[in-house]
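Asks: Provided below are the primary sequence and the corresponding predicted coordinates.
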Amino acid sequence: MQREISEVVIECVQGDITKQRDIDIIVNAANKQLKGGGGVDGAINRAAGPELVKASRPLGPIEAGEAVITEAFELPNDWVVHCAGPVYSQKPEVPKQLAACYRNALALAEDKQAASIAFPAISAGIYGYPLDEAGAIAVQTVGEHARAAISIRDVRFVLFSEDVFDAFAAALSELN
């Protein structure tokens, strides 16, 4: 599933974010301490090797919505952006924090003059964000950035499971 907005291709694929060889930057759904963990964070840290945690840990802690960038080490990409997603709750700041993850990651990618970036479904795993809401926030935020993008030309949502893919693809199909 893909859409083009202002010369930026936004796509959803089901797969493994650590295997995106044609992408400049991948985004890690990190914990606030940047010390590695489970899920996407664990997969990225295992694929990148121990240097990734050594490089990212001094940049933490970060708050929900914040992002930092490191080299990608043994990954096939140039950089890894580490975002601390919010734990889902009904608090009004939570959707803003989730959107900030995507905005801040895109800003860091533009700073590096990257042409492409891949995102997982931030906060949609153990942090409990409902898939439809997480997909809508992610796709809307990326769509807004696409209209003003400088270097970014490809944004890929790499989604591990079919239900997550379906939610993000539905959000992308509804993007104006």
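Replies: It's in. Computed from a predicted structure; not experimentally measured. Numbers count the residues shown, from 1 in each chain.

Asks: quick check: pLDDT value at Gly37.
Replies: Listed pLDDT for Gly37 reads 87.

Asks: can you tell me the closest non-neighbouring residue to it?
Replies: Asn31 (5.0 Å; Cβ to Cβ, 6 or more residues apart in numbering). To be clear about C-beta, it is placed using only N, CA and C from the backbone, and glycine gets the same treatment.

Asks: what's the neighbour count on the one you found?
Replies: When neighbours are counted by other Cβ atoms under 10 Å, Asn31 registers 20.

Asks: tell me the contacts of it?
Replies: Asn31 makes contact with Gly37, Asp41, Ala84, according to Cβ atoms under 8 Å, 6 or more residues apart in numbering.

Asks: just checking, the first one touches Ala30?
Replies: If I follow you right, that is Gly37. Yes. With contact defined as Cβ atoms under 8 Å, Gly37 counts as touching Ala30 (7.5 Å).

Asks: more crowded one of these two?
Replies: Between Gly37 and Ala30, counted using other Cβ under 10 Å, Ala30 has the larger neighbour count: 29 against 17.

Asks: next one: phi and psi at that one?
Replies: Torsion angles at Ala30 (phi, psi; degrees, to the nearest 10) stand at phi -90, psi 170.

Asks: for it, give its distance to Ala146.
Replies: Distance of Ala30 to Ala146, given as Cβ to Cβ, to the nearest Å: 24 Å.

Asks: buried ones in the helix or strand hosting Lys54, by neighbour count?
Replies: Following DSSP states H and E, one finds Lys54 within helix 51-56. Applying a neighbour-count criterion of 16 or more other Cβ atoms under 10 Å, one finds Leu52, Val53, Ala55, Ser56 buried in helix 51-56.
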